[in-house]
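K.L.:
Next one to model:
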Amino acid sequence: MSRDDALQTRAIEIVHEGRTLRGTRHGPEAPKAHVLFAHGFSANRMGSGRMIVDFARLLAARGFAVVAFDRAGHGESDGAFFDVNVPDELSQLAAMADGVAGPLHLAGHSLGGMELATLAGRRPQKVASLTLWAPAAASADEVARGEILGRPAGRIDAEHPFDVEGQALGPAFAAGYEGYDPYEGLSAYTGPVHLHHGEGDEVVSPQYSRRYAQAWPQAELTLYPDTDHGWSRLDARRDLMARSAKQIEAASIR
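P.N.:
Numbering: from 1, shown residues only. Predicted structure coming up:
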């Protein structure tokens, strides 16, 4: 495979419930396997500091094709951030996964990681491996306490949206957690699980990855000293990506 084949990208999109979800496909047209990456809450398919792009290119150089979409209300996709909620995002991720023939590797950061964990439990036959970077199951506990992102949610409606770094979030987000348990049904998935978490994560405590590791006896948990939620230190980010790529590669030849 030439370097040009590894680095090639093309725009992709799917229409889900009347909304166009826009994404990017990285890597060769005849890959050894496919990877679906899910970004975090209020982020996009590029990732903080292009983290998702860099990881996709690393995997593409190893012969994988990586697909990453902006979920509705994020990035270039249709929809409003005001309407973002977990059940809808789970439906979107299922549609993205169904767009790829055969099993695929799932990888996600933060809220995207939590949602892919749920998807793996619901659709285990579709998943070749699961890679979770700081999965944000903490969000369910926060909403139960009447909080979002560590702040009191208060009254949320069209006139009083919740401010997420200048983006207006509506009541559907908190309502979407009613009856939702991020750890429910996970044992249905029995394939490889790789958990990665920064010990200095100020957004999602490492205890949540430890609980995921308890739910999956086969899980491998890697902790990164002095590392935050977004792996904003270069050495830690390089370590995260190298380890994750190696694990996905190993899972593809089981």
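
K.L.:
Which pLDDT value belongs to residue 8?
P.N.:
Note on residue 8: pLDDT of 87.

K.L.:
need the contact list for it.
P.N.:
When contacts are counted by Cβ atoms under 8 Å, 6 or more residues apart in numbering, residue 8 touches 26-28, 60. C-betas here are computed from N, CA, C, even on glycine.

K.L.:
With pLDDT and secondary structure added, can I get those in JSON lines?
P.N.:
Putting those into JSON lines (pLDDT from 0 to 100; DSSP: H, G, I helix; E, B strand; the rest coil) gives the following:
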{"residue": "26", "pLDDT": "97", "secondary structure": "strand"}
{"residue": "27", "pLDDT": "96", "secondary structure": "coil"}
{"residue": "28", "pLDDT": "94", "secondary structure": "coil"}
{"residue": "60", "pLDDT": "97", "secondary structure": "helix"}
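
K.L.:
Pull the most distant pair out of those.
P.N.:
Greatest spatial distance among those (Cβ to Cβ): 26 and 28, at 9.3 Å.

K.L.:
Those two: which is more packed in?
P.N.:
Set side by side, residue 26 and residue 28 show more neighbours around residue 26, with 26 against 18, by other Cβ atoms under 10 Å.

K.L.:
Give me the distance between the residue of the chain most remote from its centre and residue 250.
P.N.:
In the chain, counting by Cα atoms, centre = their mean, residue 159 sits farthest out from the average C-alpha position, at 30.2 Å. The gap separating residue 159 from residue 250 is 52 Å, by Cβ to Cβ, to the nearest Å.

K.L.:
hmm, back to that, distance to residue 154 added to the contacts of residue 8, as CSV?
P.N.:
Listed next are the contacts of residue 8 as CSV, based on distance: Cβ to Cβ, whole Å:
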residue, distance to residue 154
26, 41
27, 44
28, 49
60, 44
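
K.L.:
Residue 82: which of those is nearest?
P.N.:
Nearest to residue 82 out of these is residue 26 (Cβ to Cβ; 30.1 Å).
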